[in-house]
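Engineer: Next come a sequence and a model predicted from it.
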Amino acid sequence: MKVSGYTFLKNAVVNGFPFEESIRSLLPIVDEYIVAVGDSMDGTVERVERIGDSKIKIVQTAWNENMCDRGFVYGQQKMIAQFQCTGDWAFYLEGDEVIHESDLENIYEAMRTHKDDKDVEALYFEFLHFYGTPKQVGIGGYRKAPRIIRNSIRTVAPDGLFWVVLDKNKSGRYPKARDANAKIYHYGHCRSIRAMNKKLELVGRYWGTSHPEFTGYGAISRFEIREFLGSHPGVMEQWLMEEAEHVFEFDDSYRLSFRDYRNRFRFWLEDLLGCEISKKHYIRLS
């Protein structure tokens, strides 16, 4: 079995991504790691090179600066990297997503177990979206999603994050998936306020939006935050000390939106039924 890891980056240093930690966390279980790096002003490609692992293959790219529709340029860059993958499985990690060392064996075993089962097109993970500080998570968004795709099926990623399988040329569906029995640790929303400001400034145009100055993470419903009681991946120790935000206060002036009330009802329903009903971007195989 051959496993490819891959990601795409641009200005990942100034944007405050733990991208080196992300790459290092996955290297033990992949045979190659494709990193598509767009033109950057902050030495991103040099930092990737300094990781110094022969599995890493850097593909330097140019982003379409005129593509401002819902992050489609992200999908373009993700697929540039995926098209370079030669493994049976292609494992995609965002530059702010990290694997815990305790999950590596489970992940590899899941790929090995399902390698020859063609019904299994992807493997999905539980997500921990750290929000505000590394001591808490937000539960308002998706909580499970695929990050490993079978590399012999036709897929695209319209906004870079989720796959669409193309059985037919004119229509698509989410991939059929089984559980990887592991977690993805997502740190994008607990980076320093300074780094988050810079990130929003640099990427807003790819989504056709502009952002006011970001002053803190407190503008959120209290019902969406949960305390994190687990351990972080060992590779994240220095980043968490030096780059993460460590002070969080709810913004008392924040007014709940329709989405907040809808989520509050969903959380109540989850507690009542004992199940998790966030949006899924895969078809779960029974």
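Structural biologist: Done, it's in. Numbers count the residues shown, from 1 in each chain.
Engineer: CA atoms only for stretch 117-124 - export them in PDB, please.
Structural biologist: The C-alpha coordinates for stretch 117-124 follow below in PDB (Å, rounded to 0.1, in the frame of the first residue of the first chain):
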ATOM      1  CA  ASP A 117     -12.800  -2.600  -0.700                       C
ATOM      2  CA  LYS A 118     -13.700  -0.500  -3.700                       C
ATOM      3  CA  ASP A 119     -17.000   0.600  -2.000                       C
ATOM      4  CA  VAL A 120     -14.900   2.600   0.400                       C
ATOM      5  CA  GLU A 121     -14.000   5.800  -1.400                       C
ATOM      6  CA  ALA A 122     -12.900   7.800   1.600                       C
ATOM      7  CA  LEU A 123     -12.200   7.800   5.300                       C
ATOM      8  CA  TYR A 124     -13.700  10.400   7.600                       C
END
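Engineer: Mind listing residues that contact it?
Structural biologist: Stretch 117-124 is contacted from outside by 89, 107, 110-111, 114, 144-150, 153, 163, 165, 175-180, 282, 284-285, using C-beta atoms under 8 Å, 6 or more residues apart in numbering. Using the backbone N, CA and C atoms, a C-beta is placed for each residue, glycine as well.
Engineer: And the strands in this structure?
Structural biologist: Here the chain has its strands, by DSSP state E, at 3-9, 32-38, 56-61, 89-92, 97-98, 122-131, 136-138, 144-150, 155-156, 164-165, 176-189, 225-227, 283-284.
Engineer: Quick check: which of the ones you listed is nearest to Val247?
Structural biologist: Closest approach to Val247 among these is made by strand 136-138 (12.1 Å; C-beta to C-beta).
Engineer: Figure out how far that closest one is from the centre of its chain.
Structural biologist: The chain centre lies 15 Å from the centre of strand 136-138; the measure is C-alpha atoms, centre = their mean, to the nearest Å.
Engineer: mean confidence score for that strand?
Structural biologist: Here strand 136-138 scores 97 as its mean pLDDT.
Engineer: Spatially central residue for this protein, please.
Structural biologist: Glu94 (4.1 Å; C-alpha atoms, centre = their mean).
Engineer: mind checking how far the nearest residue to that residue once chain neighbours are set aside is from Ser221?
Structural biologist: Spatial nearest neighbour of Glu94, excluding adjacent residues (C-beta to C-beta, 6 or more residues apart in numbering): Thr7 at 6.7 Å. The spacing between Thr7 and Ser221, counted by C-beta to C-beta, to the nearest Å, is 31 Å.
Engineer: between these two, which one's more packed in?
Structural biologist: Counted by other C-beta atoms under 10 Å, Thr7 and Ser221 do not tie: Thr7 has more neighbours, with 26 against 19.
Engineer: wait, doesn't that one sit right on Ser22?
Structural biologist: Yes - Thr7 lies in contact with Ser22 (C-beta atoms under 8 Å); the separation is 7.0 Å.
Engineer: Between the two, which contacts overlap?
Structural biologist: Joint contacts of Thr7 and Ser22 (C-beta under 8 Å, 6+ apart) are 93-95.
Engineer: Tell me which residues are up against the helix or strand of the chain at the bottom of the mean pLDDT ranking.
Structural biologist: Among the helices and strands of the chain, helix 193-203 carries the lowest confidence by mean pLDDT, DSSP states H and E, at a mean of 85. Counting by C-beta under 8 Å, 6+ apart, the neighbours of helix 193-203 from elsewhere in the structure are 11, 14-16, 189, 191, 211, 213-217, 243, 245.
Engineer: same thing but at 6 Å, please
Structural biologist: Outside helix 193-203, the residues that touch it by C-beta atoms under 6 Å, 6 or more residues apart in numbering are 11, 14-16, 211, 214.
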